[in-house]
Each structure stands twice: as C-alpha cells, then as structure tokens.
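Asks: sequence and predicted structure below; questions after.
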Amino acid sequence: MNRSPALDMPDVPKGQLPPHLELQRTRVLCNFDAPTHTENIQYSGAYASMGVDNSLRMDKFCKDFRVEVIQLSEEDMEFDLVGIDPSIANAFRRILIAEVPTMAIEKVLIANNTSVVQDEVLAHRLGLIPIDADPRLFEYFSENDTPNEKNTIVLKLHVRCERGSPRLTVKSNELKWLPNGSEFPLATENTTSDPTSKPKTYTSFSCSQDSLPEFSNKFLGPKHPDITIARLGPGQEIELEAHVVKGMGKTHAKWSPVATAWYRMLPEVVLLQDIEDERAEELVKKCPVNVFDIEDIAKGKKKATVVRPRACTLCRECIRGDDWDKYVAIRRVKNHFIFTIESTGALLPEVLFTEAVKILEDKCERVITELS
C-alpha cells in the first residue's frame, strides 16, 4: 500500500478514521507473499487521539450484527455472521463440534460373531453410524444409572449368510429397533428361577418406547440405511445388541453432530484501476474460480469486472507477476464470516446452530453468576 507524508494527508472529520487506518482496522490485506493487518485492535482507546471510540458498545453491536442464511438443506447450511469478533465465531464452531449432544451406540453386546471382522472393530464401526434420534428427548446415562426408556435405545442386529449362498453385505438397515428394550438375558440370571417370570435383561424399561407420545410416530434407528457394517461369507453370522445413549463430541467423536463446521472471512476483490482489452482477458484466465468476467463497453472495447467475489479462495493468482498487485487488491472483511455446517443427519443444521447458541448463552450466564 502506498504511503503518503503526514502533511499531504487530507483532513478527516472529527470522530472518523483516515481511510488507510479504517482499512487496516476492518480488512486483512492479502498480498502476493503474505497477509498483513491480521490482528484485531481491541483496545478501546486505540484511536482516542482522533476522537474515535473503539470500545465495544451494546447498541452498536445490536445495530451491526446480523445473520443471513445463504443456503439451507437437510444436511448442510451456509450462512453469514456479520458484525462479530472472530472469537465468537470460533466459539460457535467449537461448540458445534464438541458440545452439542447427540445419540450414538456406546455399548455392544455380541452374542455371536463368526465374521472376519473382530468384535472390537465391529463395535467401533457401529459406534460411528449416525442415529436418527432427537437427543433433547433423552437423558444422559451415567455408570450408576439403570438403562431405561428415557436414556437408552436398543438396536438389534441378527444376520446370517446361509451355506451355498453368495457373500452377503450387512448394511445399517439391518439394525432393528427394540422398543421394549434388551432381549438378551443377563448372564448372572438364575436358570432355576420361576419359569413363568419374565427373564431379567440388560435394560429395565417400564414401558415400550413406541407407546410414548414423542416416539409414537417416529422410528428410532440409523439415519442412513446404506452404511456397510461387514461382509459375511457362507456360514458366517452376526448376532448382537447395540445400546444407544446420549453424549457429546468432547467425550468421543462419534457423538459429534457435525461432519464439519468451519468458517472463513468474506473475500473482497477490488479493481484499483480499469483493466481493458487483452489485459482484461488475461486477468479472467488467471482466476481458477471465475471471480472475474468481461464486460463490453463502448466502441468494441472490453473491461474486466468482479462478478463473483464470494467464490474467491484467496489463491492470489490474480496478483502474481507483472505488477498485477497495482491493478487488483484482495482483502478479507474482519467481522464478516461465511459459516458452513455439515450435519451428520442426527439433527437439522439450523437446529444445531440454535442449540449451539443456547449452550454459549448458558456458559455466559454461568460466568456472570460466578462473578456476581
């Protein structure tokens, strides 16, 4: 960026920053070698000599902050967070990955497994299958708790490949929901007890889960029916029960509700001067993601324009060589974040973000309570 002597700089109204300082405060400048002005100036009196208050004020935050949904589907969501600090955006990302609870298979009771997949590997594969169950309807399960209809979902898998048949692929749709709880009797159960009594199992359901209003019209099981669990050869068999409980991603990644959650600052591409004719066509060819386009102007001339700045990946090809940095400037807006959430399917992405906001709010309330 060109520097001007202090005496040659134009007068700036009181309460406003000079253009070059405002640019440093609000933008990251992406030069061809490295970005500059990446820091955020948090000190409230940083610009006091110019009559500018840099402190965080609630009225200004409420005025500037906004959320704009760009793309929304059942699996992913892209939205803009405008007017916040990077620490807040990163807090949402970390909460989405590690602190929003979901349901996942925690305990696997294997009665028979003659496949080539070891018991431990099979249990690990089952744990990573996303479960289509709303965790807000369940309670956390601890070591001292008894598995019941409020904290546990029981799934059953019993598949056999008959002799003389081709190899059988076992997929997640073979996991069947047992609304009445476990069907496996406890190993310590006394076989000489009253034969008319119901055998004791690994769960203690007081009622069937499908009789509860919240599950009456809902199937609890794998979100995706086509996930491969194992392949069975002739004569091989798998029989097991999988117990699903509520947990968080910071305990184990299988409870993470997102495949990924990430953000980036909004790219800003600026043409510092007009680029016409052959040089404009060269600029369009330099960009691999088609940020630039050609606009026809008078007398058959062509001029380069910026049409898709949001698609810019900041590869900086457009400013490499031949003094292109004098024609094109690439920046990032410091308080504008493009946030992307890819859900595993347990919850909708918009629900995940809402839950993350609630968790952050609870954290703030706890801090205020401790300080008061």
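Replies: Sure, I can see it.
Asks: any idea which helix or strand carries the nearest residue to I229 once chain neighbours are set aside?
Replies: Setting aside the residues directly before and after it, I229 is nearest to V170 in space (CB to CB, 6 or more residues apart in numbering), at 4.6 Å. To be clear about C-beta, it is placed using only N, CA and C from the backbone, and glycine gets the same treatment. Using DSSP states H and E, V170 sits in strand 168-171.
Asks: just the residues contacting that strand, thanks.
Replies: Under the criterion CB atoms under 8 Å, 6 or more residues apart in numbering, residues L157, V159, C161, P225, D226, I227, T228, I229, A230, R231, L232, I238 lie in contact with strand 168-171.
Asks: please, where are all the helices along the chain?
Replies: Taking DSSP state H to define them, one finds helices in the chain at 19-26, 58-64, 86-98, 119-127, 277-286, 349-371.
Asks: tabulate these in TSV, adding columns for distance to E214, mean pLDDT and mean neighbour count.
Replies: Listed next are those as TSV, based on distance: least, CB to CB, whole Å; pLDDT from 0 to 100; neighbours: other CB atoms under 10 Å:
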stretch	distance to E214	mean pLDDT	mean neighbour count
helix 19-26	48	89	15
helix 58-64	36	88	10
helix 86-98	24	95	17
helix 119-127	24	96	16
helix 277-286	56	91	15
helix 349-371	15	95	14
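Asks: do you know which of the ones you listed lies nearest L109?
Replies: Nearest of the helices of the chain to L109, taken as CB to CB: helix 119-127 at 9.7 Å.
Asks: against which helices or strands is that closest one packed?
Replies: Secondary-structure packing of helix 119-127 (3 or more CB pairs under 8 Å, 6 or more residues apart in numbering; DSSP states H and E): strand 102-113, strand 228-232, strand 237-247.
Asks: for D64, give me its contacts.
Replies: Here D64 is in contact with V82, G83, N335 (criterion: CB under 8 Å, 6+ apart).
Asks: centroid-nearest residue for this structure?
Replies: A261 (2.4 Å; CA atoms, centre = their mean).
Asks: that one reaches N90, doesn't it?
Replies: No: counting by CB atoms under 8 Å, A261 does not reach N90; the two are 10.4 Å apart.
Asks: coming back round to it: burial measure for the residue nearest to I229, as a count.
Replies: 21 (other CB atoms under 10 Å).
Asks: re the thing from before, the residue nearest to the residue nearest to the centre of the chain when sequence neighbours are not counted and E342, how far apart?
Replies: Nearest in space to A261, with sequence neighbours left out and distances taken as CB to CB, 6+ apart, is L96 at 4.1 Å. Using CB to CB, to the nearest Å, L96 is found at 10 Å from E342.
Asks: just K303 next, same as before
Replies: From K303 to E342 the distance is 38 Å (CB to CB).
Asks: can you check I319 too?
Replies: Taking CB to CB, one finds I319 at 31 Å from E342.
Asks: pick out whichever of those two has more residues nearby.
Replies: I319 (20 against 17).
Asks: pull the contacting residues for the more buried one.
Replies: Per CB under 8 Å, 6+ apart, neighbours of I319: N31, F32, D325, V328, A329, I330.
Asks: who does N113 bridge with?
Replies: I238 (DSSP bridges).
Asks: just checking, it touches R160?
Replies: No: assessed by CB under 8 Å, N113 is found out of contact with R160, at 11.5 Å.
Asks: pull up the overlap in contacts between these two.
Replies: E237, I238.
Asks: could you list the low-pLDDT ranges of the stretch 151-300 of the chain?
Replies: 188-197 (pLDDT under 70).
Asks: again, only this time at 80
Replies: 187-198, 216, 298-299 (pLDDT under 80).
Asks: and for the stretch 1-150 of the chain?
Replies: For the stretch 1-150 of the chain, applying pLDDT under 80 flags the ranges 1-15, 42.
Asks: at 70 what do you get?
Replies: For the stretch 1-150 of the chain, the ranges with pLDDT under 70 are 1-15.
Asks: adjacent strands (with direction) for the biggest strand by length in the chain?
Replies: Longest strand in the chain, counting residues (DSSP state E): strand 328-343. In the sheet, strand 328-343 lines up against strand 27-30 (antiparallel), strand 76-82 (antiparallel), strand 258-271 (antiparallel) (DSSP bridges).
Asks: just these: most buried one?
Replies: Among the strands paired with strand 328-343, strand 27-30 has the highest mean neighbour count (mean count of other CB atoms under 10 Å), at a mean of 20.
Asks: how far off centre is that one?
Replies: 26 Å (CA atoms, centre = their mean, to the nearest Å).
Asks: with stretch 355-369 instead?
Replies: On CA atoms, centre = their mean, the centre of stretch 355-369 falls 19 Å from that of its chain.
Asks: what do you get for stretch 309-324?
Replies: With CA atoms, centre = their mean as the basis, the mean position of stretch 309-324 lies at 28 Å from the chain mean.
Asks: give the buried residues for that stretch.
Replies: For stretch 309-324, the neighbour count (16 or more other CB atoms under 10 Å) marks C312, R316, E317, C318, I319, W324 as buried.
Asks: if we can go back for a sec, output the contacts of strand 168-171 in a markdown table; the columns should cover distance to Y202 and neighbour count.
Replies: Shown next, in a markdown table, are these (distance: CB to CB, whole Å; neighbours: other CB atoms under 10 Å):
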| residue | distance to Y202 | neighbour count |
| --- | --- | --- |
| L157 | 15 | 20 |
| V159 | 20 | 19 |
| C161 | 27 | 21 |
| P225 | 26 | 11 |
| D226 | 29 | 9 |
| I227 | 24 | 17 |
| T228 | 27 | 10 |
| I229 | 21 | 22 |
| A230 | 23 | 21 |
| R231 | 28 | 14 |
| L232 | 25 | 22 |
| I238 | 18 | 23 |
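Asks: I'm done for today, thanks for sticking with me.
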